[in-house]
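Asker: Just a sequence and a predicted model for now, questions to come.
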Amino acid sequence: MYKFFFILSVLVVLGSTACNSRFTPKATGYPAITLPKKQYLPNAVNDLPYAFDIPSYAVVDTKVAYNGIDQQKNGWMNLQFPSLNATLYISYNAVQKDKLDVLVRDAYNFANNHSNKASFIEDSAFETPEGLKGVFFHLGGDVASPYQFFITDSSRHFLRGALYFDTTPNADSLAPVIDFLYQDLKQLVNTFHWKS
């Protein structure tokens, strides 16, 4: 019986002294993202009805298919950002008589398709130095496409762009990249012009 009390008292002493250190939880962190240096190539797009400055760290992909149909001849392209795991999908439409409102409505519908995940959707109209008009859509929250836009001359040409990330959308961890690419989208819009 003496052995039992001795062992029990040793365990109690060891148990009470073993947990003297305070527990400190680790802070949540995200991996560091190295952003490339901003540098633009003017009029770097060939064989398309439009041109704009392209970041030097972007890759132009004109081999675009939609529903199995090659869209390169229709002026579609993808602007890929491999180091940032993002792609800007660009579609072009020639404006048919009295069909501009359909293209504008479709652009708003594409942005609103994210409303179930978006914490907010802001649209802001703009006019470029070339006199072209359009709308930027900023979608907040954990959405697949944080920025979308369209630009048009209101008579012949209509272009729509949507920025997507090739990763699970997490607005907190992607915030530096989203802000970085927003500057590129503004540069694109401000230097955008139709070739004809």
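Answerer: Structure's in. What do you need? Numbering: from 1, shown residues only.
Asker: Report all helices and strands that the lengthiest helix in the chain contacts.
Answerer: Assignment by DSSP state H gives helix 171-191 as the longest helix of the chain. For helix 171-191, the elements it packs on are strand 54-55, strand 86-94, strand 133-140, strand 147-152, strand 157-165, judged by 3 or more Cβ pairs under 8 Å, 6 or more residues apart in numbering; DSSP states H and E. C-beta here means a position set from N, CA and C on the backbone, and glycine is covered the same way.
Asker: among the ones you listed, which is the most enclosed?
Answerer: For the helices and strands packed on helix 171-191, the largest average neighbour count (mean count of other Cβ atoms under 10 Å) is found in strand 147-152, namely a mean of 24.
Asker: quick one, that strand and strand 157-165 angle?
Answerer: Orientation check (axes from the mean of the first three to the mean of the last three Cα atoms, to 10 degrees): strand 147-152 against strand 157-165 gives 170 degrees.
Asker: Neighbouring strands of strand 147-152 in the sheet, and parallel or not?
Answerer: strand 133-140 (antiparallel), strand 157-165 (antiparallel) (DSSP bridges).
Asker: Distance from the chain centre to the first one, please.
Answerer: Relative to its chain's centre, strand 133-140 lies at 12 Å (Cα atoms, centre = their mean, to the nearest Å).
Asker: From one end of stretch 135-147 to the other, what's the distance?
Answerer: End-to-end distance for stretch 135-147, by Cα to Cα, to the nearest Å: 11 Å.
Asker: What lies in contact with the longest helix of the chain?
Answerer: Outside helix 171-191, the residues that touch it by Cβ atoms under 8 Å, 6 or more residues apart in numbering are 30, 33, 35, 38, 40, 42, 52-55, 58, 81, 84, 86, 88, 126, 128-129, 134, 136, 140-143, 146-147, 149, 151, 161, 163, 165, 167.
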